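[1] Below is the structure, and that's it, no one-letter string:
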Ligand code: ADP
Ligand code: 5GP
């Protein structure tokens with residue numbers, strides 16, 4: 001059986017990554033990796049589903065034990081991708097999405113060059129701010145920190161394989177879905193060619 005494809009989705013906080021990923025999961029054969037974080041759990045977030053919410057000590061132990069595929073510090077908290085679940089899911093032939101920020105994305109790309117990096121842009125900074133305010137999850141201070149972080153994140157967009165704007169949600173989801181389908185089809189095509197050569201990829 002061929003391995004699943006790995007996709008990384010990044011973009012400034014509030015751009016709609018979580019919303020887009022939920023829709024991609026609802027539509028199809030793709031698994032969303034559950035990250036670990038040391039940030040506080042918000043009211044509607046479920047431990048083990050939204051994130052694995054850990055203490056700093058627990059998180060640092062996972063790093064020391066080599067159990068993180070990648071990790072990064074974002075606005076004073078650790079965020080990271082537990083390695084085992086991603087490797088297992090890919091080995092089962094299922095496609096995986098990591099919804100992570102760019103520092104982590106580049107670490108994964110170095111370790112797994114076959115990963116496809118997709119960056120989501122907001123239509124404007126005004127809309128980005130409005131989405132953060134409307135979401136109502138962060139304090140004014142935290143929103144400011146997230147908008148400050150957006151400048152560096154936007155600078156990284158050019159290093160991604162694809163850049164997609166999230167203006168109309170359905171259009172954005174369709175565009176990313178089409179990218180994913182195309183990548184999976186091409187990957188399968190390459191496997192088939194190797195098969196014809198009698199070689200393993
Ligand atoms: P992120 O995961 O990138 O931080 P979210 O998915 O939490 O962003 O989205 C931030 C807010 O913007 C949420 O309230 C969400 O419902 C809203 N949102 C997401 N995409 C769109 C869109 N295309 N149009 C309007 N609002 C959107
Ligand atoms: P939030 O606090 O809004 O859930 O996430 C803040 C930022 O951390 C977002 O840019 C999100 O993509 C990123 N993030 C979430 N999980 C991970 C992860 O496992 N690794 C890295 N590097 N970033 C993550």
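    Done, it's in. Since we're looking at a predicted model, the values are computed, not measured. Numbering: from 1, shown residues only. Ligands and ions are numbered 1, 2, ... in the order given.
[2] And the helices in this structure?
    Assigned helices in the chain, in chain order: 17-27, 56-64, 83-91, 102-111, 125-135, 140-156, 169-197 (criterion: DSSP state H).
[3] hmm, who's touching the first one?
    By that I understand helix 17-27. Contacts with helix 17-27, where a contact means Cβ atoms under 8 Å, 6 or more residues apart in numbering, come from 9-11, 30-32, 97, 99, 120, 166, 169, 172-173, 176-177, 180. In short, each C-beta sits where N, CA and C put it, glycine included.
[4] just the buried members of the residues you listed?
    Buried subset of those (neighbour count, 16 or more other Cβ atoms under 10 Å): 9-11, 30-32, 97, 99, 120, 166, 172-173, 176-177, 180.
[5] Keep the contacts of helix 17-27, but drop any that are not near ligand 1.
    11, 166, 169 (Cβ under 6 Å from any ligand atom).
[6] residues in contact with the residue nearest the centre of the chain?
    Compute the mean C-alpha point of the chain, and by Cα atoms, centre = their mean the closest residue is residue 99, 1.6 Å away. Counting by Cβ under 8 Å, 6+ apart, residue 99 touches 9, 10, 17, 18, 21, 32, 33, 35.
[7] 7 Å instead, please
    By Cβ atoms under 7 Å, 6 or more residues apart in numbering, the residues touching residue 99 are 9, 17, 18, 21, 32.
[8] hmm, which two among the residues you listed are most spread apart?
    Maximum pairwise distance among these (Cβ to Cβ): 10.6 Å, between 17 and 32.
[9] Can you list the low-confidence ranges for the protein?
    1, 200-201 (pLDDT under 70).
[10] Around ligand 2, which positions in it sit nearby?
    Within reach of ligand 2 by Cβ under 6 Å from any ligand atom, the chain has these residues: 13, 17, 35, 39, 70, 72, 74, 79-81, 99-101, 103-104.
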